[in-house]
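*Asks:* Okay, here's the prediction I keep looking at, along with the sequence it came from:
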Amino acid sequence: MVVAPKQEKITLNKYGRRRLKYLKEHKKAEYTIMLMDGTLNTHLKEVQETADNRVQQIITELKAKSDLREDMKNTDMLYWVGTMNSIKAQAEEIILRELIYI
């Protein structure tokens, strides 16, 4: 009988959960190998940390390229919120293609 090694306990955020789901559904061999080797949780933790950092970096870059200014929070709140939501959505789409669904 083969017993999988103990894995560290981690709390998955949305990126970790999406990566896990993708592995289970589309990369079954990789998922099984990582599970049996005891490296799955480490992989998921790395992916979600990288994704979080990369999202923040992309948001900063996109904000710098846009005409968005912090004082717009007070003067044109709807525009500011709409633009920030758009920037965040763009950053998350990039992350999903770069890190999660590969």
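*Replies:* Happy to help now that I have it. Numbering: from 1, shown residues only.
*Asks:* in the longest helix anywhere in the chain, what's buried?
*Replies:* Longest helix in the chain by number of residues (criterion: DSSP state H): helix 40-65. For helix 40-65, the neighbour count (16 or more other CB atoms under 10 Å) marks 40-41, 43-45, 47-48, 51, 54-55, 58-59, 62-63 as buried. C-beta: built from backbone N, CA, C; applies to glycine.
*Asks:* what separates it from the chain centre, distance-wise?
*Replies:* 6 Å (CA atoms, centre = their mean, to the nearest Å).
*Asks:* And for stretch 64-84?
*Replies:* So, by CA atoms, centre = their mean, the centroid of stretch 64-84 is 24 Å from its chain's centroid.
*Asks:* Can I get stretch 88-95 as CSV, trimmed to CA atoms?
*Replies:* Extracted C-alpha coordinates of stretch 88-95, given in CSV (Å, rounded to 0.1, in the frame of the first residue of the first chain):
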residue,chain,number,x,y,z
LYS,A,88,-8.2,44.9,-11.6
ALA,A,89,-10.2,42.8,-14.1
GLN,A,90,-7.4,43.2,-16.7
ALA,A,91,-4.7,42.3,-14.2
GLU,A,92,-6.6,39.2,-13.1
GLU,A,93,-7.1,38.1,-16.7
ILE,A,94,-3.4,38.4,-17.3
ILE,A,95,-2.7,36.3,-14.2
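*Asks:* Can you list the buried residues in that stretch?
*Replies:* Buried-residue list, stretch 88-95, by 16+ other CB under 10 Å: 91, 92, 95.
*Asks:* Quick one: mean pLDDT for it?
*Replies:* Average pLDDT, stretch 88-95: 97.
*Asks:* ok, of the buried residues of stretch 88-95, which one's closest to residue 10?
*Replies:* Set against residue 10, the nearest of these by CB to CB is residue 95 (18.6 Å).
*Asks:* Residue 22 - how many residues pack around it?
*Replies:* 17 (other CB atoms under 10 Å).
*Asks:* pLDDT at it, what is it?
*Replies:* So residue 22 comes in at 97 (pLDDT).
*Asks:* and the closest residue to it other than its chain neighbours, how far is that from residue 9?
*Replies:* Distance criterion CB to CB, 6 or more residues apart in numbering; nearest residue to residue 22, sequence neighbours excluded, is residue 101 at 5.6 Å. Residue 101 sits 26 Å away from residue 9, going by CB to CB, to the nearest Å.
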